[in-house]
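*Asks:* coords please:
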Amino acid sequence: MGDDLYELPEGWVWSTVNEIIQIIDYRGRTPPFSEDGIPHLRSSNIKSRKIIWQGLAFVSEETYQQYMTRGLPQKGDVLFTTEAPLGEVALAPALKFSLAQRMIILRPNGTVLLPRFLLYQIASEEFQGKLRGKGTGTTVKGISSRNFKPFKILVAPLPEQHRIVTKIEELFTQLDAGVELLKKLKAKLKRYRQAVLKAAVEGNLTKEWREANKSELEPASVLLERILKQRRKKWEAEQLAKMKANGKTPKDDRWKSKYKEPVAPDTSDLPELPDGWCWGTFEQASERVTVGHVGSMKGEYIEDGIPFLRSQNVRENRYEPEGLKFISPEFHTQ
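*Replies:* Numbering: from 1, shown residues only. The predicted model follows:
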């Protein structure tokens, strides 16, 4: 392979896939599917060293016998995806199933290499990096069994392989437990956040503070009334400026009747609010409610410029910069 092989522990040796592993290659074979029958594993069913038993296809018994002539999977075989995605692995179960064209079976020589030791070796970042480097294809990276055969494989003494596999799985079990705990804590945190927000919008979060500062608080209805007066005043100033720019002078105040007051909300079915609070609408409380750009953005994105926020950049209570796009100042002003 031309790789720089590092020094190994005493008793370990380098070998190759071709020397110690039997390959059963199903590339180029896509059987016709049926509504039910024998499960058919595709490359998408292998992920993170596990078989995903959802989204399965099926083949009939007749098709199974016709297409699985290159060799039947055995329990403990290493299932290897050759593309889409490249390099996912899982151990074959003691079940009857067929394989897709983007899959090969790796059956190591049990006298020198344990299937689980091979599986974890292939799943390592070092091995995955070598796979990506040797993969071919522009749209989808893939590797043929011919190009996979020269890959270097580490071989440790069998008792040490057993100990390594046992330790890996012990640590992975601990990690999985930690991940599950984090998921539960994340769910609890989400519920707590929702409880805090609910208490905030219902006034319970500041109930004691309101009681202590009752005499100093301005009722929300007064604040809203002032906002509406300022809004109308601003609109009138803008209209006068437009008329002046066009060389016009209003003869009376009839032009002011064109102003549209924001519609107040219907509160008949709304819950009772704390003292000093009031219901309003977005139109009353904001100068403008608008939507983003509507239409195709194909060809408008550039390497750098004005950030263009999409729905994927807005997540729960946070801004997500990943995948942020940019547009030109000229497009921004359109």
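*Asks:* Using CSV, list the CA coordinates for stretch 205-225.
*Replies:* Output of stretch 205-225 as CSV, limited to C-alpha atoms (Å, rounded to 0.1, in the frame of the first residue of the first chain):
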residue,chain,number,x,y,z
LEU,A,205,-41.5,34.2,37.4
THR,A,206,-41.7,37.9,38.5
LYS,A,207,-44.8,37.7,40.8
GLU,A,208,-42.9,38.5,44.0
TRP,A,209,-40.9,41.3,42.3
ARG,A,210,-44.1,42.9,41.0
GLU,A,211,-45.6,42.9,44.4
ALA,A,212,-42.6,44.5,45.9
ASN,A,213,-42.4,47.2,43.1
LYS,A,214,-46.1,47.7,42.4
SER,A,215,-46.0,51.5,43.0
GLU,A,216,-43.2,52.0,40.6
LEU,A,217,-44.5,49.9,37.7
GLU,A,218,-46.1,51.5,34.6
PRO,A,219,-49.1,49.4,33.4
ALA,A,220,-48.5,47.7,30.1
SER,A,221,-51.6,49.3,28.7
VAL,A,222,-50.1,52.7,29.3
LEU,A,223,-46.9,51.6,27.6
LEU,A,224,-48.7,50.2,24.6
GLU,A,225,-50.7,53.4,24.3
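*Asks:* Show the average pLDDT along it.
*Replies:* Across stretch 205-225, pLDDT averages out at 92.
*Asks:* and that stretch, how far from the chain's centre?
*Replies:* Averaging C-alpha positions (Cα atoms, centre = their mean, to the nearest Å) puts stretch 205-225 43 Å from its chain's average.
*Asks:* Tell me how far Ser60 lies from Thr267.
*Replies:* Distance, Ser60 to Thr267, by Cβ to Cβ, to the nearest Å: 64 Å. All C-beta atoms are positioned from the backbone trio N, CA, C, and that covers glycine.
*Asks:* ok, these two, which is more surrounded?
*Replies:* Ser60 (16 against 12; other Cβ atoms under 10 Å).
*Asks:* Spit out the contact partners of the more buried one.
*Replies:* Ser60 makes contact with Ser34, Gly37, Ile38 under the criterion Cβ atoms under 8 Å, 6 or more residues apart in numbering.
*Asks:* give me every residue that touches Gln194.
*Replies:* Contacts of Gln194 by Cβ under 8 Å, 6+ apart: none found.
*Asks:* Torsion angles phi and psi at it?
*Replies:* When read as degrees, to the nearest 10, the backbone of Gln194 gives phi -60, psi -40.
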